[in-house]
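J.: heads up, no residue letters with this:
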């Protein structure tokens, strides 16, 4: 795979005031993911095909590529993207969570015909809110 035209991955990290087990349930179960992100048919099984129900954008096909409980979840999203959730246990019962959204290419367009650079900008802001607000509220609430 060529890196020509590659755009930087989106990375969002947050420290959650919750155990790694609690954060794992939030990011590695269908119910958990639906509570802070979007409805889905996710199962924490490598090779599992699932759907993200992205509202007005329709349904996105996904495939689980990695499950390392309770530290890492990765899946292909649509035709171009890879999404990875990384969890690290910290002192005092806290957990560091990092979301990595990769697969950006300035020459590519999404399934919906939008250029990657445009969508990346929108999603960077979207992930900021989802990770720093919605996930935090769900896990700590």
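T.: That came through fine. Only a predicted model underlies this, so the values are computations on that prediction, with no experimental measurement involved.

J.: Just the helices from this protein, written as ranges.
T.: 20-27, 30-36, 116-129, 136-140 (DSSP state H).

J.: low-confidence ranges in this protein?
T.: 1-3 (pLDDT under 70).

J.: switch the cut-off to 50
T.: Low-confidence regions of the chain, defined by pLDDT under 50, span residues 1-2.

J.: distance from the centroid: which residue in it tops it?
T.: Computed with CA atoms, centre = their mean, the maximum C-alpha offset from the centroid of the chain is found at residue 92, amounting to 25.4 Å.

J.: rewinding a little: tell me the most buried of the helices of the chain?
T.: Between these, the one whose residues have the most neighbours on average, counting mean count of other CB atoms under 10 Å, is helix 20-27 (a mean of 20). In this view, the C-beta of every residue, glycine as well, is placed from N, C-alpha and C.

J.: hang on, the earlier thing: could you dump the helices of the chain to a markdown table with distance to residue 82?
T.: Written out in a markdown table, the entries for these read as follows (distance: least, CB to CB, whole Å):
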| stretch | distance to residue 82 |
| --- | --- |
| helix 20-27 | 15 |
| helix 30-36 | 16 |
| helix 116-129 | 13 |
| helix 136-140 | 23 |
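
J.: center of the protein - which residue?
T.: residue 83 (4.6 Å).

J.: Thought residue 100 was touching that one, still the case?
T.: Yes: in this structure residue 83 lies within contact range of residue 100 using CB atoms under 8 Å: 7.3 Å.

J.: Just give the closest residue to residue 130, not the sequence neighbours.
T.: Take residue 130 and drop its neighbours on the chain: the residue closest to it by CB to CB, 6 or more residues apart in numbering is residue 37, 6.0 Å away.

J.: Check the gap between the residue nearest to the centre of the chain and residue 131 for me.
T.: 12 Å (CB to CB, to the nearest Å).
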